[in-house]
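> here is my input, please return the structure:
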Amino acid sequence: MSEVQWNRLTAAELRALAARDAVVLLPIGATEQHGPHLPTGVDDFLAAEVCRRAAVLAAEHIGVVVTPSVPTGLSEHHMAFGGTLTLSLPTLHALLRDICRSVIRVGFSRILIVNGHGGNMTALNALTTELTAELSTPIAFASYFGAGREVVRDTLETQDGLMHACEGETSMMMAAYPELIRTEHLDEAHGPRITLPAESTEPVYMAVSFDRITESGVAGDARAASPEKGERMLSGCASALADIIVRDPWAK
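Numbers count the residues shown, from 1 in each chain. Modelled structure (predicted):
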């Protein structure tokens with residue numbers, strides 16, 4: 001199996017991939033509270049894991065490489081719980097611009113930002129447009145759980161999509177990082193159902209601190225999680241993302 005992770009490749013190997021017009025995946029997550037049972041790095045870990053799996057699948061057809069993940073995003077709404085790191089919007093813009101510019105200077109021209117945090121979605125839609133104009137290179141953006149929406153919906157029993165520290169995220173962490181689950185706190189890991197802001201049908205948006213939504217820090221019900229569900233979602237999201245890469249959205 002060919003290596004797909006940028007920081008495990010040499011500069012010469014990366015230049016060779018750029019010469020093949022390889023696709024670059026740039027995973028971005030968040031570092032924020034995930035209830036009593038999950039570590040703060042969930043969104044970062046899962047975005048990077050799905051990207052790695054997708055790259056391995058897509059590499060059978062095209063050149064592809066995965067940059068080191070961006071572990072911090074827009075998490076102001078979780079700050080009240082503690083344990084959370086957040087960026088301002090201008091900082092996130094500048095960080096992504098500089099990473100993408102570096103990737104382009106190596107010789108790559110196809111970049112897909114892959115998101116693993118609901119709180120990043122609206123901003124990344126706008127920033128993708130800004131980065132494309134600033135860098136004169138078509139930057140693409142997808143959330144892994146959006147690419148794999150069907151398998152996520154069909155796998156989960158208590159909800160239709162990912163929420164927060166929920167059945168879905170907990171299941172995927174059980175599959176990929178079981179040693180990081182605080183199983184003794186699973187019984188406490190439940191809260192109200194929510195809709196991601198980017199998918200809301202409400203006519204008015206207002207910023208709401210997450211502690212006003214859920215006392216536990218969990219939205220959804222992690223008690224229904226299992227590693228089998230997690231593996232199915234990770235594999236399905238990676239397959240859907242690989243399909244997107246191979247279909248080449250940059251050619252449109």
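
> show me where the stretch 151-252 of the chain has its helices.
Secondary structure of the stretch 151-252 of the chain (DSSP state H, counting those that start in this stretch): helices located at 167-176, 227-247.

> closest to Ala133 out of the ones you listed?
Each of those has some distance to Ala133 by CB to CB; the shortest is helix 227-247, at 22.3 Å. Bear in mind the C-beta positions are built from the backbone N, C-alpha and C, glycine included.

> tell me the gap between that closest one and the middle of its chain.
12 Å (CA atoms, centre = their mean, to the nearest Å).

> ok, now stretch 141-148?
Per CA atoms, centre = their mean, the centroid offset for stretch 141-148 relative to its chain is 8 Å.

> what does it contact?
The contact list for stretch 141-148 (CB atoms under 8 Å, 6 or more residues apart in numbering) reads 46-47, 50-51, 54, 112-116, 118, 121, 124-125, 127-128, 152, 161-162, 168, 233, 236-241, 244.

> how about stretch 162-172?
34-35, 37-38, 42, 46, 49, 118, 145, 152, 155-159, 161, 181, 186, 189, 193-194, 196, 210, 214, 217-230, 233-234.

> nearest to Arg15, out of the helices of the stretch 151-252 of the chain?
That would be helix 227-247 among the helices of the stretch 151-252 of the chain, by CB to CB, at 20.4 Å.

> now the angle from the closest one to helix 167-176?
90 degrees (axes from the mean of the first three to the mean of the last three CA atoms, to 10 degrees).

> now the strands for the chain?
Taking DSSP state E as the criterion, the chain carries its strands at 23-28, 64-66, 110-115, 139-143, 190-191, 220-221.

> sheet-wise, list the partners of the fifth one with their directions.
Read it as strand 190-191. When pairs are called by DSSP bridges, strand 190-191 turns out to pair with strand 220-221 (antiparallel).

> which of the helices of the stretch 151-252 of the chain sits most buried?
helix 167-176 (a mean of 26; mean count of other CB atoms under 10 Å).

> excluding its backbone neighbours, what's nearest Ile245?
Spatial nearest neighbour of Ile245, excluding adjacent residues (CB to CB, 6 or more residues apart in numbering): Ala58 at 4.5 Å.

> ok, now how distant is that neighbour from Thr84?
33 Å (CB to CB, to the nearest Å).
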